Structure formats: structure tokens, C-alpha cells
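1. What follows is a predicted protein model with its sequence.
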Amino acid sequence: PVLIPPLRSECLRVGHFQPSKTASRMATFEREQLNQIQHRVSVTLTPDDYMDVYSKELKKYADQGSFKGFRKGKVPMSFVRKMVGKEVLISQLERKFMVELNEYMDKEGLNRKRIFQPIPAPDQTGFDDLDPNHPGDFTLTFDVGAYPDTGIKGISGEDALTRYIAEITDEMVDKQLDQGLDRLAESEEVDGPIEENDMLTIQAAELDGDDLKGEGHTSHFMLPADLIGTEDVRNNVIGKEVGHKFRFNIYTLEKDATREHTLKHLLMLSEEEAEDVGEWFEGTIEAVSRKVRPELNEEFISKYFGKEDITTVEEAKEVIRKDLAKHYRQLSDSVLFFEIKEYLTGLNHIEFPDEFLTRYLQMTQEPEVLENLEQEVERIKDQLQWMRIRNELIEKLEIKVTEEDIREAYKNQVISYFGGNTSQLQPGMLDSLVDRFMQDDKNTDELAGNLVSEKLIERASELFSITEEVLPLPDLEEKLEAQRK
């Protein structure tokens, strides 16, 4: 069943009471199918169905309850019935109705196809005329939502769909290798000349006109050369060496920096402390740090890939190409998933009655949801259309997600976060992280749902005739973005 909040208990307190004039009998049911998904089920209970349990429950109150003016266990049953009889009877009736309805739905196969919890049918009276002293037949009518037994069209294995594969170009491979060189670059102190990607250590001193201000504010900070905010200052610094002096407005020195950022990270002052500090400073380049990339050789390749069998640039590029293909396979799978979803929902469309869904939401949802009731009805319609198909596919393909599947997926997420190299993790840390992730029920349920979708895509060739077409990566990304809209 779709994960929609369950029915609130007070929604059951509607029904029709009829004093009994006939011999005792067991619960009876009447069922009418109103449309493709809506069944109206009336359940009738006789006193034989509930009076025995009701009497036992009243006796518990008499034996264990505390009533003013009576010793415990000595309360007359007539008094107990008068004080709590109606409340206890309503409670027992509600419980009995739910048990009987659930057993009936099991027997009729409605639970297997159930969409959400049954809700009371409209236009029913309450328990106001219920008299515990004169028990009789009682009827409640429920609206039950259940998918039809029509099967899923379009999964014979003959329907044709296209899987779009991302084209892995030489430029993409070279860029990935270049990023690897950047990742293993090491910082070195240099005297100059200063380059765009250098990190500068700057000593700044406040100016008073053209001269240094006596006892003026000084500050010491680091700034990447490519983040210098104005072209004239940047040109005055690039190509110079350690010890070079230059002048600047402190509030425009760093590109796109807010006043708050400048005060905190460049001046190290509060707003109040900065009131007497000017804008113009003289800076001195005290140090220049530069990322020096390793040479593209066997030593770098061995260190970056961590595998002894990868030693040449050609081998490294081939591994990168395969990794990129695997990475963008997920994008390809997402596009195919949307293709399958759109194709099958179009072939297997069900009409969901607005009135039924609206009434269900009004009975089960919080007020903030009801503020956008029409949109919520449409959202649930889309959800229910696909959930029916998805559940049928899961059953047909016998797809299951185990705890080990989820743990392995979490492990892969951690490994991906560390760029595929987990050597920096302490022994046992990977499993410890996975244990912590498994405790998050919301994320774990979401991950399990994603794994089901992945397994559906893996088995898609059993349901459709799949042909593959290679697309440039931007075109594939554009296709997915269009599908999501």
C-alpha cells in the first residue's frame, strides 16, 4: 500500500444502530463496486459478535476501577454500565469492526490490492442513539480503495524502448586525469613571479592619505591571487615577487566579498571596532604558496589509482573511461526509468475519483496539507498510478532488497565520497559509518526505494525490447531535466 498517513481513530465513530429483533447471527457483509478502485463495504455486527467481549471488559472495570463511594471490586455492574458502559461499548465495537473488515478484505483479496486505509462512507449517523442496556445490530459502511485485477500491459518483452548512453569523449578523460594531477598537487613556497593560482600571505597596514597611519590598524591574512577583486590591483600583483608592496581598498580587495566577510576574515574586526578604521591599506606580500602538480608518470599513476597493474598513461585513461561510463550509466538509468514510467502509466491509466481522494485527505491529513488540497489530490493520483505498476513489476520480477544490499550501497557512497581511495580511513571506520547511516530510518527507506528502482532498470531487458543510442553528455542531461519537469 502507498505510504499515506493512516486513518485517525475518531473517523470510525460513524454508523447506524438498529435494535435487534431477530435471532443471533455472525457478522455479515455487503459490497458494491462504485468505480475502478472504490469499493463500498457494509459490515453488520450482531450482539453475539460483541456482547461477550463487552461484558468481560465491563467486569474488568468493576473489579479494577476506582469509583467514588464504592470499595474496589464491590461496584455494582449496573452502576459501571451507567458510568462507562457506552464508552466501553463504542471502543469494543470499533475494534471489532476493524478486525471483521480486515478479515473480510483478506478473504476477498482486497488487502493485497489495497491502496490506503478504509475510510467511513459518507452520510452515516453517529453513536448517539447507542444504548448499552438494549444491544442490537450495528452497521458501519466503509469505502475501500483497491487496485483492479487487470494486469499490466506493455511488459511482454516486445514493446520497444531506447536506452540513451552518454558518449565518453577523449576530452572528458583528459579532464579527469588533469583533475587527478590537481588533486595530488603539493604546496611549495616560492618567491615569484606571482601567478593567478598562487595563494598570497598579505600583511596589511592602514593608510592616512598617502602615508601609513600612525598606530593604524594592521591585519594579516591569506588570499588566492585569482580572487583579487579589481583588475588594476590584480595587475599590480601578478608577476611580482615576495616583498612587493601595493595599495588597495580593503572592501574591494576580495572578489564578491560582503562587508561582513571583509570585517571578519580580512580586518578581523567587529562592526563597532571598524568605525574608526579607514578603507585604504598598503599590503606587503609576505609569502607565496603554489600548488605544484606531479609529473604524469608511473609514480603518479600508481599513487593516484592505488593499483600496481596500472602503470602507463594509456592504461590510466582506459580505467578513467570505464569509470566515467559507469558513473554516467546512472544518468542513463534515470532517463530510462522515466521512459518506462511514462510509457507504462500511459498504457495502464486508472481513473481515480476526485471525491474519494479528497475525502480521504480531509480525514487523514494535517491542516497545512489541506491548504493546497487540489494540488495534493493531483500529486497522489500520479503517485498511485505509478505505485500500482511498480508493485506489479516487483512481484512479477521477484525483486527484493536485503539489508546487505543497503549496507553495500552505503559503503559505495562513502567510498565515492573519498574519491575511491579509502586508505585514509582507519580500520573498521567504514563499517562504523555504515552502522550509523543504517540508524537513519528515513534515509534508509529512501535508499531501499532507490535500490528497488535500480533493480527494476537492471531487469528492464526482461520486460522490453531495449535498443541503445549514444548521446553527447549535455544532450542526455537535457533529456533528464526535461523529464523531471
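-> Cool, got the structure.
2. other SSEs contacting whichever helix or strand A409 is part of?
-> Counting by DSSP states H and E, the element that carries A409 is helix 403-417. Packing contacts for helix 403-417, counted by 3 or more CB pairs under 8 Å, 6 or more residues apart in numbering; DSSP states H and E, involve helix 429-438, helix 441-458. C-beta: built from backbone N, CA, C; applies to glycine.
3. Now it: buried residues?
-> Neighbour counts over helix 403-417 (16 or more other CB atoms under 10 Å) mark D405, I406, R407, A409, Y410, K411, V414 as buried.
4. and the angle for that helix with helix 441-458?
-> 90 degrees (axes from the mean of the first three to the mean of the last three CA atoms, to 10 degrees).
5. Give me the residues contacting helix 403-417.
-> Applying CB atoms under 8 Å, 6 or more residues apart in numbering, the set of residues contacting helix 403-417 from outside is T422, L430, L433, V434, F437, M438, T444, L447, A448, N450, L451.
6. For those, name the two members farthest from one another.
-> The span of the contacts of helix 403-417, defined through CB to CB, is set by T422 and A448 at 23.7 Å.
7. Quick check: which of the helices and strands packed on helix 403-417 is nearest to G65?
-> Comparing the helices and strands packed on helix 403-417 by CB to CB, helix 441-458 comes nearest, at 38.8 Å.
8. how far out from the middle of the chain is the closest one?
-> On the basis of CA atoms, centre = their mean, to the nearest Å, helix 441-458 sits 10 Å off its chain's mean C-alpha point.
9. okay, the helix or strand just after that helix in CSV with CA atoms only?
-> The helix or strand immediately downstream of helix 441-458 is strand 465-471, counting by DSSP H and E. Extracted in CSV, the C-alpha atoms of strand 465-471 (Å, rounded to 0.1, in the frame of the first residue of the first chain):
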residue,chain,number,x,y,z
SER,A,465,13.0,-4.7,-26.3
ILE,A,466,15.8,-2.3,-25.4
THR,A,467,18.0,-0.6,-28.1
GLU,A,468,20.9,1.6,-27.1
GLU,A,469,21.7,5.0,-28.6
VAL,A,470,24.8,7.1,-27.8
LEU,A,471,24.2,10.8,-27.0
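10. Okay, now the sheet partners of strand 465-471, with direction.
-> As defined by DSSP bridges, the strand partners of strand 465-471 come to strand 160-166 (parallel).
11. Would you mind listing the outside residues contacting stretch 153-164?
-> Contacts of stretch 153-164 (CB under 8 Å, 6+ apart): 332, 335-336, 339-340, 343-344, 347-348, 393, 396, 460, 462-471, 476, 479.
12. Is A205 in a helix, a strand, or coil?
-> strand (DSSP: H, G, I helix; E, B strand; the rest coil).
13. what separates it from F70, distance-wise?
-> The gap separating A205 from F70 is 91 Å, by CB to CB, to the nearest Å.
14. can you count the residues close to K82?
-> A count of neighbours around K82, defined by other CB atoms under 10 Å, yields 12.
15. for L451, that is, sorry about that
-> L451: 18 neighbours (other CB under 10 Å).
16. you'd agree it is up against V401?
-> Yes: here L451 reaches V401: they are 4.7 Å apart, a contact under CB atoms under 8 Å.
17. residue ranges with poor pLDDT in the chain?
-> Flagging of the chain using pLDDT under 70 yields the residue ranges 1-25, 126, 307-308, 419-424.
18. Tell me if I'm right that Q38 and E351 touch.
-> No: using CB under 8 Å, Q38 is not in contact with E351; the gap is 10.2 Å.
19. These two - which one has more neighbours?
-> Between Q38 and E351, counting by other CB under 10 Å, Q38 is the more crowded of the two (19 against 9).
20. Quick one: residues contacting the more buried one.
-> Per CB under 8 Å, 6+ apart, neighbours of Q38: D143, V144, G145, P353, F356.
21. again with L177
-> Neighbour list for L177: L296, V313, A316, K317, I320 [criterion: CB under 8 Å, 6+ apart].
22. Distance of it relative to G214?
-> From L177 to G214 the distance is 55 Å (CB to CB).
23. contact partners of the longest strand belonging to the chain?
-> What stands out as the longest strand in the chain, according to DSSP state E, is strand 280-292. Strand 280-292 is contacted from outside by 182, 185-192, 194-195, 197-207, 212, 219-220, 237, 240-250, 253, using CB under 8 Å, 6+ apart.
24. Tell me where the stretch 51-200 of the chain has helices.
-> If DSSP state H, counting those that start in this stretch is used as the criterion, the helices of the stretch 51-200 of the chain fall at 77-108, 110-113, 170-183.
25. export those helices to TSV and tack on distance to E272?
-> Listed next are those as TSV, based on distance: least, CB to CB, whole Å:
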stretch	distance to E272
helix 77-108	65
helix 110-113	68
helix 170-183	42
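26. of all those, which lies closest to L456?
-> L456 sits nearest to helix 110-113 of all the helices of the stretch 51-200 of the chain, at 19.9 Å, using CB to CB.
27. Mind listing residues that contact that closest one?
-> Outside helix 110-113, the residues within contact range by CB under 8 Å, 6+ apart are H39, N102, Y104, M105, V144, A146, Y147, P148, D149.
28. ditto for stretch 459-466
-> 155, 157-163, 336, 340, 393, 397, 399.
29. Name the nearest of these relative to T28.
-> Using CB to CB, the shortest approach to T28 within the contacts of stretch 459-466 belongs to L393, at 37.5 Å.
30. State the distance from that closest one to L110.
-> Separation of L393 from L110 (CB to CB) stands at 21 Å.
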